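J.: Quick one: sequence and predicted model below, then my questions.
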Amino acid sequence: MGGRAEIASAIKGKKQSMMNSDLQRAARQRPLAVVLVTVYTAIGGVLSIVVSVVLMMAGSAASQWLPLLGALFLVTGTLSIAACYGLWMLLPWGHTLVTILYAISIPLALLLLAAGKPGVGDVVLQVVGIGIAIWILIWLHNPTTKGLYCKGLREAVGQKGTLEPPKPSPASAATKSAYCTECGAKLDVGVRFCASCGAKV
């Protein structure tokens, strides 16, 4: 019994090792946009936390809205860091959370501009940030991107070790052409030529 348990444990460990190897290969196959958005989101999360600290330190002496704005930046910054994991692992909740965060970031940036007296550089940075947020929202709701986030990375990889969808088998491809395109005769599954007219299927 002990020997069987050791063998089962060894097989399970081998399968887990193979799955981890597949996940690593799949991680290198992620679309470039996923990598860029994840990195940008992580940087934005760190900067949001830094901004929140600055706003909270300024206190209510400068403006009554600064502490509240600082708390909001702290929450969004923390959630952005957490969302990077879901975004990177192609998890559905990561897609949803990042969508919410970038939808919030647009009015938040406008509030930041209205709260103080920003210089020309600050205005340019905020406008560029809003533009990038809009682009990311459009990308997130692209049918291809939404399809990528329908399943987690483990489900997407499966037993193939790749993010690419499985290719149809020759048998399934043959069943699509049930009738000859030349003479209309019914074709048997797997044939390469029409038995009636000899045309190539």
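T.: Cool, the structure landed.
J.: drop to CA atoms for contacts and neighbour counts, all remaining ones
T.: Fine.
J.: so where do the helices sit in the chain?
T.: Counting by DSSP state H, the chain has helices at residues 2-28, 32-62, 66-88, 92-115, 120-140, 143-148, 153-157, 170-176.
J.: The ones you listed: lowest mean pLDDT?
T.: Among those, helix 170-176 carries the lowest mean pLDDT, a mean of 46.
J.: what domains does the record give for the chain?
T.: Domains of the chain are assigned by automatic domain parsing as 2-157, 169-201.
J.: CSV for those, including mean neighbour count?
T.: Formatted as CSV, these follow (neighbours: other CA atoms under 10 Å):
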stretch, mean neighbour count
domain 2-157, 16
domain 169-201, 14
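J.: re the thing from before, between the helices of the chain, which one is closest to V191.
T.: helix 170-176 (7.7 Å; CA to CA).
J.: In JSON lines: the helices of the chain, plus distance to V191.
T.: Shown next, in JSON lines, are the helices of the chain (distance: least, CA to CA, whole Å):
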{"stretch": "helix 2-28", "distance to V191": "36"}
{"stretch": "helix 32-62", "distance to V191": "41"}
{"stretch": "helix 66-88", "distance to V191": "45"}
{"stretch": "helix 92-115", "distance to V191": "42"}
{"stretch": "helix 120-140", "distance to V191": "43"}
{"stretch": "helix 143-148", "distance to V191": "34"}
{"stretch": "helix 153-157", "distance to V191": "33"}
{"stretch": "helix 170-176", "distance to V191": "8"}
